[in-house]
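Peer 1: Sequence below, structure please.
(one chain, ligands or ions: 1)
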Amino acid sequence: MSLPFAPGLFLGQVALITGGGTGIGLATAKRFVELGGRVAIASRKEANLDAGTRALREVGGPDCVYAKACDTREPVQVDALVDAVVGHFGRIDVLVNNAGGQFPTAAQHLAPKGWEAVIRNNLNGTWFMTHAVANKAMIPQKRGRIVNVIAQIYRGFPGMVHTGAARAGVENMTKTLAVEWAPHGMRVNAVAPGFIKSSGTDQYPPELVAKAAKACPLRRGGTPDEVARLILVLASEQFDFVTGETWYIDGGQKLWGDVWQFEDEV
Ligand SMILES: NC(=O)c1ccc[n+]([C@@H]2O[C@H](COP(=O)([O-])OP(=O)(O)OC[C@H]3O[C@@H](n4cnc5c(N)ncnc54)[C@H](OP(=O)(O)O)[C@@H]3O)[C@@H](O)[C@H]2O)c1
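Peer 2: As a prediction, this is how the structure comes out:
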């Protein structure tokens with residue numbers, strides 16, 4: 001698909017994208033680089049970072065990407081990552097908190113360990129990264145844009161109570177920080193994807209995936225690139241009067257259709 005943005009929109013800018021080696025994160029990194037920016041990608045697995053780095057260099061050349069392993073659940077690793085990115089590029093203009101993961105489960109059968117794992121990953125990890133990037137880069141720069149990738153949780157999240165709660169926490173954090181950090185020239189928004197066909201959903205049972213694709217008015221799953229383009233809208237200067245918002249990208253799924261037939265399946 002041709003670019004819906006002005007060429008060079010992110011020229012001279014640096015984005016840190018967590019989970020930037022795969023799926024929605026990689027699609028966002030590719031678009032950012034295509035539009036003139038440079039990206040830092042971070043996740044746990046070197047294999048994901050290596051593959052992402054190769055893909056990004058094909059788009060933006062050898063110097064467009066910096067990759068470093070980091071588990072966002074660990075504040076010490078997060079601090080080291082942010083120091084390294086600022087050391088490498090000198091600044092961070094855009095943070096995309098995209099790293100995350102969860103698993104389908106009936107709330108009744110969810111053990112404390114499973115609950116804690118998802119809360120640590122999707123809520124704590126987002127907070128540690130946000131706090132470090134704000135303090136080490138964006139507040140001193142007096143400028144920054146943060147986009148949090150959450151999920152379509154409009155009607156709760158039956159079948160995934162853990163991630164519903166974590167994402168609701170991030171959504172509320174988005175509003176709070178939009179207000180607290182506005183005087184620092186920062187904007188903070190969230191995107192809430194519905195079902196997106198990506199590396200993340202490849203792991204789900206095929207029958208669940210087929211059902212999820214039909215369970216929205218547009219009768220299909222979204223693509224990582226469609227989410228990437230919304231993230232970049234919110235990260236760009238074209239939308240500098242938008243902050244504290246959650247933008248859904250779900251084919252209308254929040255209004256109609258049950259993705260998770262949880263009585264039958266979990
Ligand atoms: N696809 C959908 O339908 C959908 C819908 C709503 C929301 N989302 C959310 O959108 C985001 C991207 O999803 P996706 O579909 O692109 O799936 P994905 O490819 O599985 O993306 C998740 C990324 O996060 C990284 N990650 C996970 N835990 C991490 C941690 N503790 N520290 C650092 N990196 C970590 C993973 O890399 P490593 O394994 O290398 O760490 C991976 O690159 C996720 O937060 C997902 O939950 C997806």
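Peer 1: contacts and neighbour counts: CA atoms only from here.
Peer 2: Will do.
Peer 1: does the ligand sit close to stretch 61-73?
Peer 2: Yes: residues of stretch 61-73 contacting the ligand under Cα under 6 Å from any ligand atom: Cys70, Asp71, Thr72, Arg73.
Peer 1: Export the residues you listed to CSV and append columns for distance to Tyr204 and pLDDT.
Peer 2: As requested, the residues of stretch 61-73 next to the ligand are exported to CSV (distance: Cα to Cα, whole Å; pLDDT from 0 to 100):
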residue, distance to Tyr204, pLDDT
Cys70, 25, 99
Asp71, 23, 98
Thr72, 23, 98
Arg73, 23, 98
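Peer 1: top of the residues you listed by neighbour count?
Peer 2: Thr72 (29 neighbours; other Cα atoms under 10 Å).
Peer 1: Go through the residues of stretch 61-73 next to the ligand and name the one nearest Leu11.
Peer 2: Cys70 (26.1 Å; Cα to Cα).
Peer 1: what two of the residues of stretch 61-73 next to the ligand have the greatest distance between them?
Peer 2: Spanning the widest gap among these are Cys70 and Arg73, at 8.7 Å by Cα to Cα.
Peer 1: So which bits of the stretch 1-150 of the chain are right by the ligand?
Peer 2: Counting by Cα under 6 Å from any ligand atom, the residues of the stretch 1-150 of the chain lying close to the ligand are 18-25, 43-45, 48, 70-73, 98-101, 121, 149-150.
Peer 1: what about the longest helix in the chain?
Peer 2: Taking DSSP state H as the criterion, the chain has its longest helix at helix 161-180.
Peer 1: who's in contact with that one?
Peer 2: 102, 105-107, 115, 118-119, 122-123, 126-127, 148, 150-151, 153, 156-157, 186-190, 243-246 (Cα atoms under 8 Å, 6 or more residues apart in numbering).
Peer 1: quick one: contacts for the nearest residue to Asp93 once chain neighbours are set aside?
Peer 2: Take Asp93 and drop its neighbours on the chain: the residue closest to it by Cα to Cα, 6 or more residues apart in numbering is Gly144, 4.9 Å away. Applying Cα under 8 Å, 6+ apart to Gly144 gives the contacts Ile92, Asp93, Val94, Leu95, Ala134, Met138, Gly185, Met186, Arg187.
Peer 1: any chance of the residues you listed in TSV, plus secondary structure?
Peer 2: Shown next, in TSV, are the contacts of Gly144 (DSSP: H, G, I helix; E, B strand; the rest coil):
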residue	secondary structure
Ile92	coil
Asp93	coil
Val94	strand
Leu95	strand
Ala134	helix
Met138	helix
Gly185	coil
Met186	strand
Arg187	strand
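Peer 1: buried set for stretch 239-250?
Peer 2: Thr243, Gly244, Glu245, Thr246, Trp247, Tyr248, Ile249, Asp250 (16 or more other Cα atoms under 10 Å).
Peer 1: can you redo the residues you listed as JSON lines with secondary structure?
Peer 2: Formatted as JSON lines, the buried residues of stretch 239-250 follow (three-state DSSP):
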{"residue": "Thr243", "secondary structure": "coil"}
{"residue": "Gly244", "secondary structure": "coil"}
{"residue": "Glu245", "secondary structure": "coil"}
{"residue": "Thr246", "secondary structure": "strand"}
{"residue": "Trp247", "secondary structure": "strand"}
{"residue": "Tyr248", "secondary structure": "strand"}
{"residue": "Ile249", "secondary structure": "strand"}
{"residue": "Asp250", "secondary structure": "coil"}
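Peer 1: can you redo those residues as a markdown table with distance to the ligand?
Peer 2: Formatted as a markdown table, the buried residues of stretch 239-250 follow (distance: Cα to the nearest ligand atom, whole Å):
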| residue | distance to the ligand |
| --- | --- |
| Thr243 | 20 |
| Gly244 | 18 |
| Glu245 | 16 |
| Thr246 | 13 |
| Trp247 | 12 |
| Tyr248 | 10 |
| Ile249 | 9 |
| Asp250 | 9 |
